[in-house]
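Asks: Here is my input; please provide its structure:
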Amino acid sequence: MTDQQPITAPTTDPAAVSAFDLERRAKEIAILDALRDVVDPEIGMNVVELALIKQVILGETESEVKMILTTPFCPYAGSMIAQVKEQAESVMNHPVKVTLLAERWDPRDAGLMW
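Replies: You can find the predicted model right below:
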């Protein structure tokens with residue numbers, strides 16, 4: 001004999017189904033859609049397409065967008081960070097902190113091969 005557990009049907013209790021929050025995901029997607037208006041002027045592509053947005057963290061009273069730049073000393077960094085903040089705040093209606101990560105950008109992450 002084997003010690004197998006019986007197979008049970010999936011639960012239909014909404015509280016037990018999943019920790020996936022559709023409303024939260026919709027807000028993340030809305031922020032990413034808004035960030036498509038932020039274009040890196042040197043490359044001519046938006047920060048989402050360039051894979052510069054690494055994480056969106058939603059909070060009740062403040063949220064955070066973690067991003068990288070295409071080059072460490074990007075001359076447009078200040079402008080792009082301000083635009084990312086403004087666009088994200090237009091969706092969230094509360095303050096959004098933009099954090100620059102020390103990670104290096106790789107064009108392959110954006111599907112670019114030069």
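Asks: Output the contacting helices and strands for the strand or helix carrying Ala26.
Replies: With the criterion set as DSSP states H and E, the secondary-structure element containing Ala26 is helix 22-35. In terms of contact count using 3 or more Cβ pairs under 8 Å, 6 or more residues apart in numbering; DSSP states H and E, helix 22-35 is assigned the packing partners strand 53-57, strand 63-67, helix 77-92. No exception for glycine: its C-beta is placed from N, CA and C like everyone else's.
Asks: Pick the most buried one from the ones you listed.
Replies: Ranked by mean neighbour count under mean count of other Cβ atoms under 10 Å, the helices and strands packed on helix 22-35 are led by strand 63-67, which reaches a mean of 20.
Asks: Measure how it sits relative to helix 22-35, angle-wise.
Replies: Counting by axes from the mean of the first three to the mean of the last three Cα atoms, to 10 degrees, strand 63-67 points 50 degrees away from the direction of helix 22-35.
Asks: What helices and strands are in contact with strand 63-67?
Replies: For strand 63-67, the helices and strands in contact under the criterion 3+ Cβ pairs under 8 Å, 6+ apart are helix 22-35, strand 53-57, helix 77-92, strand 96-100.
Asks: residues making contact with that strand?
Replies: Residues external to strand 63-67 that are found in contact with it (Cβ atoms under 8 Å, 6 or more residues apart in numbering): 31, 35, 47, 52-57, 81, 84-85, 88, 92, 94-101.
Asks: quick one: strands adjacent to it?
Replies: Each strand that strand 63-67 pairs with, and the sense of that pairing, follows from DSSP bridges: strand 53-57 (antiparallel), strand 96-100 (parallel).
Asks: mind putting the ones you listed in TSV, mean pLDDT and distance to Thr71 included?
Replies: What follows is the strands paired with strand 63-67, written out as TSV (pLDDT from 0 to 100; distance: least, Cβ to Cβ, whole Å):
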stretch	mean pLDDT	distance to Thr71
strand 53-57	96	16
strand 96-100	97	12
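Asks: Show me the one of those strands that comes nearest Phe73.
Replies: Closest of those to Phe73 is strand 96-100, at 11.9 Å (criterion: Cβ to Cβ).
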